[in-house]
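Asker: Here is the input, now give the coordinates:
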Amino acid sequence: MPPTNSKNDDALLERAAELIRGTTNAIAVTGAGISVESGIPDFRSAHGLWARYPPDQFATMDAFLRDPDKVWEMWYELAENLQGVKPNPGHYALAELEKMGHIKAIVTQNIDALHQHAGSKTVIEYHGNTDQIACTACFRHRKMDLSHRALGAPRCECGGVMKPDVVLFGEVIPEYALRTSDMLARGCDALIVVGTSAQVYPAAGLPFLAKESGAAVIECNTEPTNFTNVITDVFLQGPAGETLPKLVERVKSVTD
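Answerer: Numbers count the residues shown, from 1 in each chain. Below you'll find the predicted structure:
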């Protein structure tokens, strides 16, 4: 049975560190929990985005095609709110594990690009990110620019309407992201689950794929999840901004 002790004691940290030290192809799967620690409310929380902007009116492809100017009201507000948001120690810890050669990639459901801002190089995004916008006609990309806010939905040079480079409800997750994350999960020696409730698929299926292929599962969550007593080998309970830096230091205590 995996340890489900709520205390991040030395034994649990050392066991997790051993698993990380022993691999060069671990992956991390991250969800909203790690972003909440940077001050971004979970979209589904009582104070989250969906409380003020119902997703059926602001976050579906049908809604975007029907009234892009209206939909952009929400995305401009989100982009403005994200301007001052910085990566937290959990993001930096994952970036450091990649730099040390232990983590091969991060698979994330988040759209805030905080992993990239923390220095992570290989980030597979299921839902895109709000740093970029994309033309719905010619697929040209450019940076999000809040100076266009008064004009409504931004237009491309080709005349097409641009949308945030995120996957709206009614769109599909990019095939590249699905195939690559599946391959990485099946081939990794260890998978680190961070800040996800194990309820949103297909990301929630990756730890199960990894476990079936013989990988160890390290879970960093504030509360037990559907993973914890089923496939988790080491459960580090607490905020990722606290548990992951401790894990990195424990890994470095031998590798330095």
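Asker: For Cys188, give me its contacts.
Answerer: Thr23, Asn25, Ala26, Ile27, Lys104, Ala210, Ser213, Ala215 (C-beta atoms under 8 Å, 6 or more residues apart in numbering). In short, each C-beta sits where N, CA and C put it, glycine included.
Asker: Enumerate every residue touching Val167.
Answerer: Contacts of Val167 (C-beta under 8 Å, 6+ apart): Tyr126, His127, Gly128, Ile173, Pro174.
Asker: before we move on, back to that, in ChimeraX, how would I select the buried members of the contacts of Cys188?
Answerer: Of those, the buried ones can be selected in ChimeraX as follows, counting by 16 or more other C-beta atoms under 10 Å:
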select :23,26,27,104,210,215
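Asker: if we can go back for a sec, quick one: buried ones out of the contacts of Val167?
Answerer: For the contacts of Val167, buried by 16+ other C-beta under 10 Å: Tyr126, His127, Gly128, Ile173.
Asker: In contact with the second one: list those residues for me.
Answerer: The contact partners of His127, taken as C-beta under 8 Å, 6+ apart, are Gln109, Asn110, Ile111, Val166, Val167, Ile173.
Asker: likewise Gly33?
Answerer: Counting by C-beta under 8 Å, 6+ apart, Gly33 touches Asp42, Val194, Gly195, Thr196, Ser197, Asn221, Thr222, Ala240.
Asker: how near is the spatially closest residue to Lys99 that is not a sequence neighbour to Leu49?
Answerer: Once flanking residues are discounted, Lys99 sits nearest to Gly119: 7.2 Å by C-beta to C-beta, 6 or more residues apart in numbering. Gly119 is 27 Å from Leu49, where distance means C-beta to C-beta, to the nearest Å.
Asker: From Ile40, how far off is the closest residue to Pro174 other than its chain neighbours?
Answerer: By the measure of C-beta to C-beta, 6+ apart, the closest residue to Pro174 outside its immediate chain neighbours is Val167, 7.5 Å from it. Val167 is 18 Å from Ile40, where distance means C-beta to C-beta.
Asker: ok, now which ones touch Ala28?
Answerer: Counting by C-beta under 8 Å, 6+ apart, Ala28 touches Leu94, Leu97, Ile103, Ala105, Ile106, Val107, Leu191, Ile192, Val193, Val194.
Asker: again, only this time at 10 Å
Answerer: Contacts for Ala28 (C-beta atoms under 10 Å, 6 or more residues apart in numbering) come out as 34, 90, 93-94, 97-98, 103-108, 115, 120, 123, 188, 190-195, 218, 220, 240, 244.
Asker: Over to Leu206?
Answerer: By C-beta under 10 Å, 6+ apart, the contact set of Leu206 is 27, 29, 107, 181-182, 184-186, 188, 191, 193, 196, 217.
Asker: Pretty sure it sits in a helix.
Answerer: Yes. Counting by DSSP: H, G, I helix; E, B strand; the rest coil, one finds Leu206 located in a helix.
Asker: how close does it get to Gly238?
Answerer: For Leu206 relative to Gly238 (C-beta to C-beta), the value is 22 Å.
Asker: could the contacts of Gly33 go into CSV alongside distance to Cys138, pLDDT and neighbour count?
Answerer: Shown next, in CSV, are the contacts of Gly33 (distance: C-beta to C-beta, whole Å; pLDDT from 0 to 100; neighbours: other C-beta atoms under 10 Å):
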residue, distance to Cys138, pLDDT, neighbour count
Asp42, 34, 66, 17
Val194, 36, 97, 24
Gly195, 36, 93, 26
Thr196, 35, 89, 25
Ser197, 38, 80, 16
Asn221, 41, 95, 25
Thr222, 43, 93, 15
Ala240, 39, 96, 28
